[in-house]
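Turn this into a model:
(2 chains)
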Amino acid sequence: MKHLTSIAAGALLGLTALAGPALAQGSNTSLTIVREVDSDRYDPHRSTARAASEVIFMMADTLVSLDHDMSTIKPGLATSWTMSPDGKTYTFKLRNDVSFCDGKKLTAQDVVYSMKRWIDPATRSPVRWRAGKVDDIVAVDDTTVEYKLTAPFSELLYQLTQSFAVIMDKANVEALGADFGVKGFNGTGPYCWGDWKPRNEFRLKKHAAYKWGPPIYENKGAAQIEEIVWKIVPEENTRLAAVMTGQSQVTQYVPYSGLSQIRANKNLKLVDSKEAFWTYFVGFKIDKEGVNDPAVRKAMVMAVDQKAIADNLYFGEVEPAYSYISSEALDWNKAVMPIKTNVEEANKILDAAGWVKGADGFRAKDGKKLSPVAYGFTGSTWQKLMEAIQGDLRKIGVDLRVQLFDATIAWGKMATQEFDMFGMSFPYISAGDALNLYFPSANAPTPNRMNWKDAETDALLTKGMTALNDADRAAAYGEVLKKVHEAAVWLPLYHEPMKIAASARLAPFKAHNIYGCGLYKGLDLKFVR
Amino acid sequence: MLNHIAQRLAMSVPVLLGVLLFGFLLLQLVPADPAAIVAGPMASPELVEQVRKDLGLDRPIFVQFGIYLSRVLQGDLGVSLISNTSVIAELGEAIGPTAELMFACLVWAVPLGIALGTIAAVYRGRLLDRIVIAISVAGVSTPVFFIGLILMQYVGYHWGLLPFIGRGGPLWSAEGLAAIALPALTLGLVFIGPIARMTRTAALEVLSTDHVRTARAKGLSERAVVMRHVLRNALIPVVTLIGLQAGYLLGGAVVTETIYSWPGVGRLAVGAILASDFPLAQGAILVLALAFLIINLIVDMLYAVLDPRVDKHG
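Okay, here's the model as predicted:
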């Protein structure tokens, strides 16, 4: 027995000794980032998941970049750009010192190829519309690209900051074919493709020649960490424990319940940003019986207690939403008067509109019970949210019936006309980005699942999209925001914050919010101890 | 011996067919639409229907199963709906880590289980025996996920002794060894209980036999008696149990791999089922069933080696 005990103790000590250096100090050359899910591939035009964008931003660059304020366009691969007076032609001057990870020099032809692949119907990119109505894209010379549109597109520069618009190496894309973004990716980013083990980890290696990072970073040279490991850890508490023990040095995927522990841990810090643009909402299908009454919609919005949801479901870590987009977002209209929680007033509105409470406590009008059907996604997020909403709506006599579907079915179900309300969340960079996706008449029944068909809205959206200056664009989008808020087309729930848990061993860095990717290009990431 | 193996192999065929049918039918019950997954979230209903037709998902279930079966027989497990890569390639990546985990578990749990069982038998009725029985009962009755979470909470998190976020590298590297320690410890703790109990029972039986009494009468030391005459004879039922339990370990590995983010077949199966990736889920289920059958086949062969009567009488 003594032998056994000695052997066991020896083995544990040995293993601990092996693990010791990694656990106690960690490596100063390798950074491990834990996250929940992996992407199916890393093809910028075919991968729309945030999980793909997080890595693509590090492996590749865009013509222009977005500042931390989420509204200022800064240089990227292009040092400068001009817009023609009619707003239809953008001319980009490229840096002439950019090279791909394999050492090949970047030319304007690579830019043309990347952009044309994005809009090519054969690519089947679900985000092709973000490129605008393209007439042609041409390389004037090796460092000049002309981006020609058939109509002005005021959002173009913002869209060109997204991961869908990164510049790729034509030869690499063609050589890899269907394996592009699966077996390799030759980008110009601060990190290069190392080794991808799907659903396990993605290793990125430092791009030593890199010196063309966006000017938003203090670091103007190559990345300051040799290797970044994006590791998949599906369990949220395991991710929390991993960052608390130093096995991971950065993550934005910690449960809200664990943020207080991170704040209290002297070995960790919480890096956050107020310009976080990811909003959760419930939309109304405004032509369905019951919710086609604006009074009903307004009363329902008024009945839901967003603050209680934020406090009770999310430990006060999210921002209650009373507006459809964050008030920090570009082109937010300060004149919009969001609907605040007021159950008493909501009841009065329904009484005045002729919706009478029955013996069961639920309202009806002309023999029709106010009992809308809401569709949502399975999983704890929407289940908890819908239960909270259901409870709040009972207070005003609305019998909400909730049906949740697996994500593979939910998208199809939400393309139908079967439901009265639906739950959704979305990232955006500006008012125009959000409004042009959800509110054009032509986008019904999906993504305009509300069936919001309004000629004035369409005209304003077109005006905003084709505006030639910031003021006109903001005015047009501001009008749309006011119009849809007054019509109570959505029930906003909360704005998801950007909170990154990071090791105190890392130098101070700023959180970004582009497409929900908190680390963006990761150029300021470096260990100080 | 060859006849015995052939007989066992023949018996595996209907079992595998049953597994294929069960896995296929089970996934039909999942409330998800593979056509919608392939078509993508922005696809129109018409496109989804077109994809359904292209994939043959609009055909009767028995026809779909027939096509699936014929493909499997040709070694084609299909393509993952999510990653669009070959299921065999995906499984190939995941089998190694699962095999590593099984090995790392068995390599310490089997000797320790046998040792504890033997000690309990030798010290029957005394404190050591009771401690071993208590450990065995605790091991048998504690769910693997609970052991995993407790170890992660204390060994990994509070005491910061070992890592717990997936594979750290090859098993022969320092990082690899450290990373596999906690998952292997978790699985092993479930495993040693039954082995210790079976070893104790078998050893007690052998200890009371005539040849052990004779060995003692010859003046052999107690240590020699136990090692040479007791353990060897007591191992036959233990080996059978190890085989059976190793099969069940695969189930435990699914849970362990999920808790520790271990990139094996178990986690692949869970991920595939959650993502409604039907071909990958079916492939993973098939691999786990195959592993179970192979382990049992090896045990049968070992049993025949240890006990020649099996070979003689089938």
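
How is the closest residue to residue A:252 other than its chain neighbours assigned, secondary-structure-wise?
Take residue A:252 and drop its neighbours on the chain: the residue closest to it by C-beta to C-beta, 6 or more residues apart in numbering or on different chains is residue A:518, 4.2 Å away. For the C-beta atoms, the positions are set from N, CA and C on the backbone; glycine is no exception. At residue A:518, secondary structure determined by DSSP: H, G, I helix; E, B strand; the rest coil is coil.

Equivalent analysis for residue A:92, please.
Classified using three-state DSSP, residue A:92 is strand.

bridging residues for the nearest residue to it once chain neighbours are set aside?
In space, and not counting its chain neighbours, residue A:92 is closest to residue A:78: 4.0 Å by C-beta to C-beta, 6+ apart. Here residue A:78 sits in beta bridges with residue A:94, going by DSSP bridges.

burial of residue A:78, as a residue count?
Using other C-beta atoms under 10 Å in any protein chain shown as the criterion, residue A:78 is surrounded by 24 other residues.

Can you give me every residue that contacts it?
Residues in contact with residue A:78, defined by C-beta atoms under 8 Å, 6 or more residues apart in numbering or on different chains, are A:63, A:64, A:92, A:93, A:94, A:95, A:145.

Just send those back as a markdown table, with neighbour count too.
Supplementary listing: the contacts of residue A:78 in a markdown table, determined by neighbours: other C-beta atoms under 10 Å in any protein chain shown:
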| residue | neighbour count |
| --- | --- |
| A:63 | 24 |
| A:64 | 23 |
| A:92 | 24 |
| A:93 | 18 |
| A:94 | 26 |
| A:95 | 16 |
| A:145 | 27 |
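
just curious, which of those residues is nearest to residue A:115?
In terms of C-beta to C-beta, no member of the contacts of residue A:78 lies closer to residue A:115 than residue A:145, at 8.1 Å.

okay but the closest one is in contact with residue A:116, surely?
No - contact criterion C-beta atoms under 8 Å: residue A:145 and residue A:116 do not qualify, at 11.2 Å.

Pull the number of nearby residues for the residue of the stretch 101-250 of chain B found nearest chain A.
The shortest separation between the stretch 101-250 of chain B and chain A is 3.5 Å, found at residue B:178 (distances taken as C-beta to the nearest C-beta). Residue B:178 is flanked by 24 other residues according to other C-beta under 10 Å.

by contact count, what packs against the strand or helix carrying it?
Taking DSSP states H and E as the definition, residue B:178 sits inside helix B:174-207. Helices and strands touching helix B:174-207, by 3 or more C-beta pairs under 8 Å, 6 or more residues apart in numbering or on different chains; DSSP states H and E, are helix A:2-24, helix B:87-122, helix B:127-141, helix B:144-151, helix B:231-259.

What are the buried residues along that helix?
When burial is assessed from 16 or more other C-beta atoms under 10 Å in any protein chain shown, helix B:174-207 yields the following buried residues: B:174-204, B:206-207.

Also stretch B:115-133?
In stretch B:115-133, residues buried by neighbour count (16+ other C-beta under 10 Å) are B:115, B:116, B:117, B:118, B:119, B:120, B:121, B:122, B:129, B:132, B:133.

tell me, which of these make contact with chain A?
When C-beta under 8 Å from any C-beta of the partner chain is taken as the criterion, the members of the buried residues of stretch B:115-133 that contact chain A are B:115, B:116, B:119.

can I get those in JSON lines with distance to residue A:464 and pLDDT?
Below are these laid out as JSON lines (distance: C-beta to C-beta, whole Å; pLDDT from 0 to 100):
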{"residue": "B:115", "distance to residue A:464": "76", "pLDDT": "92"}
{"residue": "B:116", "distance to residue A:464": "75", "pLDDT": "93"}
{"residue": "B:119", "distance to residue A:464": "80", "pLDDT": "91"}
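
ok so, going back, nearest to residue A:385 among the contacts of residue A:78?
The shortest gap between residue A:385 and any of these belongs to residue A:64, at 35.9 Å (C-beta to C-beta).

Mind listing the residues bridging to the closest one?
Beta bridges link residue A:64 to residue A:75 when assigned by DSSP bridges.

Tell me how far it lies from chain B.
26 Å (C-beta to the nearest C-beta, to the nearest Å).

Then residue A:222?
With the distance defined as C-beta to the nearest C-beta, residue A:222 ends up 26 Å from chain B.

and that residue, how many neighbours does it have?
What residue A:222 shows, counting by other C-beta under 10 Å, is a neighbour count of 16.

can you check the one 4 residues further on too?
A count of nearby residues for residue A:226, using other C-beta under 10 Å, gives 15.

Same question for stretch B:65-85: list its buried residues.
Within stretch B:65-85, the residues that qualify as buried are B:68, B:72, B:77, B:78, B:79, B:80, B:81, B:82, B:83, B:85, counting by 16+ other C-beta under 10 Å.

Contact partners for the residue most central in space within chain B?
Nearest residue to the geometric centre of chain B (C-alpha atoms, centre = their mean): residue B:250, 2.2 Å. Residue B:250 is in contact with B:98, B:102, B:266, B:288, B:291, B:292, counting by C-beta under 8 Å, 6+ apart.

The same query, at a cut-off of 7 Å, please.
B:288, B:291, B:292 (C-beta atoms under 7 Å, 6 or more residues apart in numbering or on different chains).

cool, residue A:478 as well?
Residues counted as contacts of residue A:478 (C-beta under 7 Å, 6+ apart) are A:331, A:333, A:335.

Quick check: the last one touching residue A:483?
No - when contacts are counted by C-beta atoms under 7 Å, residue A:335 is not listed as touching residue A:483 (11.4 Å).

Looking only at neighbour counts, state which of these two leads.
Under the neighbour definition other C-beta under 10 Å, residue A:335 and residue A:483 were set side by side, and residue A:483 has more, 18 against 10.

which residue sits closest to that one, ignoring its sequence neighbours?
Nearest-residue entry for residue A:483: residue A:457, 6.2 Å, with adjacent residues in sequence omitted and distances by C-beta to C-beta, 6+ apart.

Only C-alpha atoms, please: export the helix or strand where that neighbour lies in PDB.
Per DSSP H and E: residue A:457 is located in helix A:455-465. Backbone C-alpha positions of helix A:455-465 (Å, rounded to 0.1, in the frame of the first residue of the first chain) are rendered in PDB as follows:
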ATOM      1  CA  ALA A 455     -43.200  53.600 -49.600                       C
ATOM      2  CA  GLU A 456     -42.000  56.600 -47.500                       C
ATOM      3  CA  THR A 457     -39.600  54.300 -45.600                       C
ATOM      4  CA  ASP A 458     -38.300  52.900 -48.900                       C
ATOM      5  CA  ALA A 459     -37.700  56.400 -50.300                       C
ATOM      6  CA  LEU A 460     -35.900  57.500 -47.100                       C
ATOM      7  CA  LEU A 461     -33.700  54.400 -47.100                       C
ATOM      8  CA  THR A 462     -32.800  55.100 -50.700                       C
ATOM      9  CA  LYS A 463     -32.100  58.700 -49.900                       C
ATOM     10  CA  GLY A 464     -29.900  57.700 -47.000                       C
ATOM     11  CA  MET A 465     -28.100  55.100 -49.000                       C
END
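
Centre of the chain to the next helix or strand after that helix, how far?
As assigned by DSSP H and E, the chain's next helix or strand after helix A:455-465 is helix A:470-486. When distances are taken as C-alpha atoms, centre = their mean, to the nearest Å, helix A:470-486 is centred 22 Å away from the chain's centroid.

next one: stretch B:25-40
The mean C-alpha position of stretch B:25-40 is separated from the chain mean by 28 Å, C-alpha atoms, centre = their mean.

who touches it?
Contact with stretch B:25-40 is made by A:126, A:406, A:408-409, A:411-412, B:47-48, B:51-52, B:55, B:57, B:61, B:81, B:276, B:278, B:281-282, as judged by C-beta under 7 Å, 6+ apart.

Give me the buried positions along that stretch.
Counting neighbours by 16+ other C-beta under 10 Å, stretch B:25-40 gives B:27, B:32, B:33, B:34, B:35, B:36, B:37, B:38, B:39 as buried.
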